[in-house]
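A.B. asks: here's a sequence, model it:
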Amino acid sequence: MERICEVTDEALKELVEAANRAAEDDTVCPVEVAYKIAEKTLATTCGKGVMCRDGFRQVYLITKDFVDGKGKGEEDIDMLKEILGVIEETADCDLSYTASHTILELMTKFSEEFDAHVKRKSCKKLICAGCHTVHIDAAKCKGEGACIKVCEFGAIKGGAGMFSVIDQNKCTSCNKCIDVCPNGAIKGAGAVKPQGPTAPAPVGSWGAAAAGGRRRRG
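C.D. replies: Numbering: from 1, shown residues only. So this is what the prediction gives:
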C-alpha cells in the first residue's frame, strides 16, 4: 500500500515496549495498553488518511469502553478486530500500521483478558478503573488516615481510631489509596466488591468474621 504521509511510529515506542512485556509485568494491562495506543495514535495522526483518522477514532472509542467497563459484548471485540484489520491492510503511514498491528497482536495473545473486560467487566491486573473495585480490609486498617488525605474524590470515610471504608459511588478506582496505606489494608478486587462494613467503626472491632459480613462479638 502506498503511504500518503510520512508520520513515523516513534510516538508509540514506549507503548509498544509495554505491550511486549505485558505477559510478565503486573503493572501492564494489555487492554489498557491497546486503549493508550489508540489514544496516542489519534492524537498524533496527520488526519490525511480516512482509516487513520476516522478508523482510529472508532478504535479509541471502543477500547475506551473496554477499560471503562462499558463494553457491550462479543460484537465489540469482533468490530474492533475488523476495523484494525482494514487499517493494518491499508495503512497510510508507519504510525497507523504499527498501532493497528500491535493492538491486533495484543487481542490475539490476551484474548481471555479482552473477554474478561468486555463480558465480566473484570481487569486481571486490577488496573482499568471501570473493571475493578478498591476495598479496605477493616481487620487490617489502623485508622492512620493516609488514604483519606490522598483521595481527591472524598470517597473514603473514617477518623482517628476508626477503620476507614470506601464509598463505591464516589470511588474512581485510581488506586492511589492502595499505594499510601502503610498497613496493606487496601486492595483491589473484581468488579463486585467483597462484603464488608459500610461505615467506619473503632479499630479492632471488625475481626476475621468480617469475611462473612458479620461483626465480631465481645
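
A.B. asks: my guess is residue 126 meets residue 135, correct?
C.D. replies: No - Residue 126 is beyond contact range of residue 135, at 11.2 Å (criterion: CB atoms under 8 Å). Where you see a C-beta, it was placed from the backbone N, CA and C, and this is true even at glycine.

A.B. asks: and the nearest residue to residue 133 once chain neighbours are set aside, how far is that from residue 103?
C.D. replies: Residue nearest to residue 133 in three dimensions, not counting chain neighbours: residue 193, with 4.3 Å by CB to CB, 6 or more residues apart in numbering. As judged by CB to CB, to the nearest Å, residue 193 and residue 103 stand 30 Å apart.

A.B. asks: before we move on, what about residue 143?
C.D. replies: Relative to residue 103, and taking CB to CB, residue 143 is found at 44 Å.

A.B. asks: the more surrounded of those two?
C.D. replies: The residue with more neighbours, out of residue 143 and residue 103, is residue 103; 29 against 20, by other CB atoms under 10 Å.

A.B. asks: and the more buried one, what helix or strand is that in?
C.D. replies: Residue 103 is part of helix 94-109 when elements are defined by DSSP states H and E.

A.B. asks: what residues are up against the nearest residue to residue 21 once chain neighbours are set aside?
C.D. replies: Take residue 21 and drop its neighbours on the chain: the residue closest to it by CB to CB, 6+ apart is residue 28, 6.2 Å away. Contacts for residue 28 (CB atoms under 8 Å, 6 or more residues apart in numbering) come out as 18, 19, 21, 22, 125, 127.

A.B. asks: point me to the helix or strand that includes the second one.
C.D. replies: The one in question is residue 19. helix 13-20.

A.B. asks: could you give the angle of that helix to helix 94-109?
C.D. replies: For helix 13-20 against helix 94-109, the angle by axes from the mean of the first three to the mean of the last three CA atoms, to 10 degrees is 20 degrees.

A.B. asks: could I get the average pLDDT for helix 13-20?
C.D. replies: Mean pLDDT, helix 13-20: 98.

A.B. asks: gap between it and the chain center?
C.D. replies: Here helix 13-20 is found 17 Å from its chain centre; the criterion is CA atoms, centre = their mean, to the nearest Å.

A.B. asks: which residue packs closest to the spatially most central residue of the chain, ignoring adjacent ones?
C.D. replies: With distances taken as CA atoms, centre = their mean, residue 128 lies nearest the centre of the chain, 0.9 Å away. In this structure, residue 128 finds its nearest non-sequential neighbour in residue 67, 4.2 Å apart by CB to CB, 6+ apart.

A.B. asks: before we move on, back to that, and the angle from the helix or strand following the helix holding residue 103 to helix 94-109?
C.D. replies: Following helix 94-109 in sequence order, the next helix or strand is helix 111-119 (DSSP H and E). Angle, helix 111-119 to helix 94-109, by the same axes, to 10 degrees: 90 degrees.

A.B. asks: helices or strands up against helix 111-119?
C.D. replies: helix 30-44, helix 56-67, helix 74-89 (3 or more CB pairs under 8 Å, 6 or more residues apart in numbering; DSSP states H and E).

A.B. asks: and the ones you listed: which comes nearest residue 157?
C.D. replies: Ranking the helices and strands packed on helix 111-119 by proximity to residue 157 (CB to CB) places helix 56-67 first, at 27.2 Å.

A.B. asks: now residue 41: closest residue in space that isn't a chain neighbour?
C.D. replies: Going by CB to CB, 6+ apart, residue 41 has residue 99 as its nearest residue, at 4.2 Å.
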